[in-house]
Each structure stands twice: as C-alpha cells, then as structure tokens.
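>>> What shape does this take:
(chains A and B)
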Amino acid sequence: MKNSYLDIARNGLWSNNSALVQVLGLCPMLAITNTMVNSLGLGLATTLTLICSNVSISAIRHWVRPEIRIPVFVLIIASIVTVIELSMNAWFHELYDILGIFIPLIVTNCMIIARAEAFASKNSIPHAFADGLFMGLGFTLVLLLLGTLREAIGFGTLFQQIELMFGDNAKWLTVHLFGNYRGYLLAILPPGAFLGLGFMIAFKNMLDRRIERKRQAVPAKQRVQFVK
Amino acid sequence: MSLFKNMAISAILLGLFAVVGTGMVSLTYKNTAKRIAANHRATLLKTLHELIPADQYDNDIFSDTIRVSNPALLGSNEAINVYRARKAGQPVAAIIESIAPDGYSGNIYLLIAIKYNGQIAGVRVVNHRETPGLGDAIDLSHSDWILSFTGKSLKNLKSRNWAVKRDGGNFDQFTGATITPRAVVKAVHNALIYFNQQRDKLFVPPTTKKEPAA
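Numbers count the residues shown, from 1 in each chain, chains lettered A, B, ... in the order given. Next up, the predicted model:
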C-alpha cells in the first residue's frame, strides 16, 4: 500500500474525514462541542493522542501477531491516554484543568483504534505520524466548526471563555454577536449537536456531488469541441 | 504441538505488552504523583484565598483541618474536610467542603467559607455536572450569581428567605434552571445551620483533635 503525504492529508482533512465521512468518535464530539473553546481543546487532545498511538503502533507492527493485535492496540492506547493525562496534570496543570475532562473521553473515541487497525499497523512510522496528524486535524476542524455554529446560535457569542486556554490576554477575542441575546437552548443541548452534524454532513455531500458533476462535465465539453 | 507453541508465543507477547504498558503508566505515575498533589493543593489554596484572603489568617490551613460527618446537613455520608483559618490563635473562619446532593445531574461540590461570627465569607463551586448554558451559571466563570451569598448569615436572612425567588426566597434562579440554584441555596443554608450548631467543636485546636458528633 503506497501513500503519498498529499493523499494522507487529503484523506484526513476531507475525503475520509473521521467526523464527516467515517462518523467516528461521535460520543466525545457531540458531548463537547457546545463552545468553540471546548471543541478546540478536545480536538487538540485527540490529535496528540492519535499521533502518539499511531507512531507507537507503527513502531511495533512487525512484532504483533494478527490474532492478538486488537488487545495489544487497546493496551497501548489505554496506556498512552493515561500517560498523557498524568503528564498534563503534572506539568501543564492549568491546561489540564480545562482539557482534563476531555482526556478520559478520548478513550471512548473509536477513531483512535480505527486508525491503528486500518493505517498505523500497515504503514511506516513517518506515514503513521502524518496520518495521525491529519486525521486529528480533520477531526479538530469539524469540531471547531460545529462548536462555532452551536456557540453562535446557542449563546450568541464567539470565543467564549477563550481566556481559559490562552490566558487573560486573549479575553478581547470574545465576541458578542447580538446585543441582549437570550440564547437558543436547543443548539447547546445534544439535539443541537446531532442537527448541526447532520447539516454539516449533508453540506459536505452536496459539495462532493457538485465537484463530481463538474469533473464529469469537463471531458464532455472537450468532446463537443472536438466535434466542431 | 505447533498449535500449542503458537498459542504460547501469542500469550507471552501479549503478556510482554501488558508489562510494558503497565510499566509505562506506573513509571509516569511515580514521577508525577508529587507534582499532581502539589498542583491540586495550589489550586485549592487559590480558591481558599479567594474566600479568605491570605492576610486574614496565619496558620497552616492545610494541616489545621478536621474531618466531620453529617449526612443531613453536609450532603455526604462520608466524612468531609473542614479547613480552619486562625490568626494569632483566634478563630477567623471555617471552610467547609460541602456537597449539594440534589443538583440536576448529580452532586455539586462546594467550598463554603463561614466567618467565626456566622457570616458567609464566600462560596465557590468546585465541581459540578450541571447543564452547560443553564445550570452552570453557579460557576463563577459563567456568572457572578455565587457571589450573592457573601455576607449572608442566619441572622440577617430569615430561614424562609433561604430559597430561590420562585420559592419565595431571596436568591435569583436562572432562566430554564431552577433545580440547580435551589440545590446550592439549600446546601449553603444547611452548612450555615451546621456551623451554628457545631461552631465551638469546629474550632477545637488541632492538638486536642476531636471529631464533633453529628
């Protein structure tokens, strides 16, 4: 199996996007994306875990026998998540206070084991690293978009509580979109997450179809010109 | 024979990975446990200082604690911590790690600081799982509702006013969330009642450490 880095990037960010196409990792995704800051936090933590697990699984891929690979993957992922959680708690305590609740949630994200099984266990370490990075980024971007939509509709703000992540200097980033907005509860609660994700998947499919139609239309035109 | 050999190799491999994984986790735990405990203390101390400024007491607030238990008033069957602030040996305030057991989604963990004269020095929510956007306004990072307790006591607020406005009390409820503030008001009120009943026992110096009866 050959993978150019460009293919890996395109796969992770668009054509095989873990949230929009594979629809993996719904549990943490729908629970957390009620604000932009939460979404960014979960996205970054997931990306870090994904890179670490992909690299270590790729590194041991020649030693793992196929019949025991799943328990080994589970073991490695669980160990990595725990190590990341403990290290963050010790050395980045302020960040941990914000992201801490998301990290155990990452264990429930089946995307991690899906990438281990489908990609990392069959590819070289640099490729596995790139796959982890781009799959994670693709996931983060979707989370961020969904979080932005839900926060804007639900609270009428953007970048609410950004200071928790980037310090008080970033506080000015918080934007109130409408004066005296009372909020729209549905967007903040889980149904809003399902609706938002549904619309996003539909929109992506629409774009894909339009691109596909254009691609088919181009050779047809050329043919017409030939006839003339 | 070869089947058995295969199984044995797989089992040994799996065992090895388990040992490596567990080793990794326990090594990290060993190297981080102290720092994590110190971080937790620092965070707790920061919250304590928001309630009782550092210049108002001079004892080591972390070692001057007692554990008390009162399921009816403090919301937990387990013993909870009470930190005691003193200045020059005189009691200043008690900080109670109370629990509001009847939140909308589970326990709401509170730090309630009560001055020796029975006035509330401040309340903070330490941990909760209330609905984002509705019940989480009890958290100071979302709204300053929790500050409305400061200065209140059983003397300056009658018992029936220790309730949200919808129940005829003195405290705001939130749009779409009454259960959460109701639970917090009740827990703070109960903690005050407990404090008034047990005040002298709560401030027993650490040398004659005694658990007050519930």
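>>> Mind checking what helix or strand follows the lengthiest helix in chain B in sequence?
Assignment by DSSP state H gives helix B:2-51 as the longest helix of chain B. Moving toward the C-terminus from helix B:2-51, the next helix or strand (DSSP states H and E) is strand B:65-68.
>>> Contacts only, for residue 114.
Unless you meant another one, I'm taking chain A. Taking Cβ atoms under 8 Å, 6 or more residues apart in numbering or on different chains, we find A:Ala114 in contact with A:18, A:22, A:24. Where you see a C-beta, it was placed from the backbone N, CA and C, and this is true even at glycine.
>>> my bad, the chain I had in mind was chain B
B:93-96, B:120-121, B:191-192, B:195.
>>> who's in contact with the residue nearest to B:Gly151 when sequence neighbours are not counted?
Of all residues not flanking B:Gly151 in the chain, B:Gln119 sits nearest, at 5.9 Å (Cβ to Cβ, 6 or more residues apart in numbering or on different chains). B:Gln119 is in contact with B:151-153, B:156, counting by Cβ under 8 Å, 6+ apart.
>>> how close does B:Gln119 get to B:Leu202?
Between B:Gln119 and B:Leu202 the distance, using Cβ to Cβ, to the nearest Å, works out to 15 Å.
>>> in stretch B:136-156, what counts as buried?
Neighbour-count burial for stretch B:136-156, counted by 16 or more other Cβ atoms under 10 Å in any protein chain shown, picks out B:136-140, B:142, B:145-146, B:149, B:152, B:154.
>>> of all the contacts of A:Ala114, which comes closest to chain B?
Taking Cβ to the nearest Cβ as the measure, chain B sits nearest to A:Leu24 out of the contacts of A:Ala114, at 23.2 Å.
>>> Can you check the pLDDT for that closest one?
A:Leu24 carries a pLDDT value of 83.
>>> Tell me how many other residues crowd it.
The number of residues packed near A:Leu24 is 19, by other Cβ atoms under 10 Å in any protein chain shown.
>>> Likewise for A:Phe194?
12.
>>> same check, this time on the one 10 residues further on
A total of 17 residues lie near A:Lys204 under the criterion other Cβ under 10 Å.
>>> Mind pulling the model confidence for it?
pLDDT recorded at A:Lys204 is 91.
>>> ok, it touching A:Leu20?
Yes: using Cβ atoms under 8 Å, A:Lys204 makes contact with A:Leu20 at a distance of 5.0 Å.
>>> tell me which element A:Ile70 is part of?
Taking DSSP H and E as the criterion, A:Ile70 maps to helix A:69-91.
>>> helices or strands next to the lengthiest strand in chain B in the packing?
The strand spanning the most residues in chain B, taking DSSP state E as the definition, is strand B:90-103. Taking 3 or more Cβ pairs under 8 Å, 6 or more residues apart in numbering or on different chains; DSSP states H and E as contact, the helices and strands that strand B:90-103 lies on are helix B:2-51, helix B:71-74, strand B:80-87, strand B:106-115, helix B:179-202.
>>> and chain A, which residues reach chain B?
A:34-35, A:60, A:63-65, A:67-68, A:71-72, A:75-76, A:78-79, A:82-83, A:86-87, A:89-91, A:93, A:97, A:154-155, A:161, A:164, A:182-183, A:185, A:188-189 (Cβ under 8 Å from any Cβ of the partner chain).
>>> one step back: compute the distance between the residue nearest to B:Gly151 and B:Leu51, please.
To B:Leu51, B:Gln119 is 12 Å away according to Cβ to Cβ.
>>> swap in A:Met36?
In terms of Cβ to Cβ, A:Met36 sits 31 Å off from B:Leu51.
>>> Look at the two and report which has more neighbours.
A:Met36 (27 against 21).
>>> Look up the closest residue to that one, ignoring the ones flanking it.
A:Met36 sits nearest to A:Gly147 (Cβ to Cβ, 6+ apart), 4.5 Å away.
>>> next helix or strand past the strand or helix carrying that neighbour?
Take DSSP H and E as the rule and A:Gly147 turns out to sit in helix A:125-154. Per DSSP H and E, the first helix or strand lying C-terminal to helix A:125-154 is strand A:157-158.
>>> which residues sit against that next one?
Contacts of strand A:157-158 (Cβ under 8 Å, 6+ apart): A:36, A:148, A:151-152, A:173-177.
>>> Let me have those residues in CSV, extended by pLDDT.
Shown next, in CSV, are the contacts of strand A:157-158 (pLDDT from 0 to 100):
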residue, pLDDT
A:Met36, 87
A:Thr148, 91
A:Glu151, 88
A:Ala152, 88
A:Leu173, 75
A:Thr174, 78
A:Val175, 79
A:His176, 80
A:Leu177, 77
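>>> Tell me who's in contact with A:Ile84.
A:Ile84 touches A:45, A:48-49, A:52, A:103, counting by Cβ under 8 Å, 6+ apart.
>>> ok, those residues vs B:Asn77, which is closest?
Nearest to B:Asn77 among these, counting by Cβ to Cβ, is A:Ile103 at 29.3 Å.
>>> From A:Ile70, how far off is that closest one?
Counting by Cβ to Cβ, the gap from A:Ile103 to A:Ile70 is 22 Å.
>>> Give me the more crowded residue out of these two.
Taking other Cβ under 10 Å, A:Ile103 and A:Ile70 do not tie; A:Ile103 has more neighbours (23 against 13).
>>> can you pull the pLDDT of that one?
78.
>>> Would you agree it is in contact with A:Val81?
Yes: the pair A:Ile103 / A:Val81 is scored as a contact, 6.5 Å apart, by Cβ under 8 Å.
>>> now the longest strand of chain B against strand B:106-115, angle please.
Per axes from the mean of the first three to the mean of the last three Cα atoms, to 10 degrees, the angle that strand B:90-103 makes with strand B:106-115 is 160 degrees.
>>> Which residues belonging to strand B:90-103 are considered buried?
Quick answer for strand B:90-103 (16+ other Cβ under 10 Å): B:91-103.
>>> Let me know the closest of those residues to chain A.
Nearest to chain A among those, with distances taken as Cβ to the nearest Cβ, is B:Gly103, at 16.5 Å.
>>> which residue sits closest to the closest one in space, ignoring its chain neighbours?
Counting by Cβ to Cβ, 6+ apart, the residue nearest B:Gly103 is B:Ala183, at 4.7 Å.
>>> Next: A:Phe178.
A:Gly156 (4.8 Å).
>>> Bridge partners for B:Ile80, pull those for me.
With DSSP bridges as the criterion, B:Ile80 is bridged to B:Val68.
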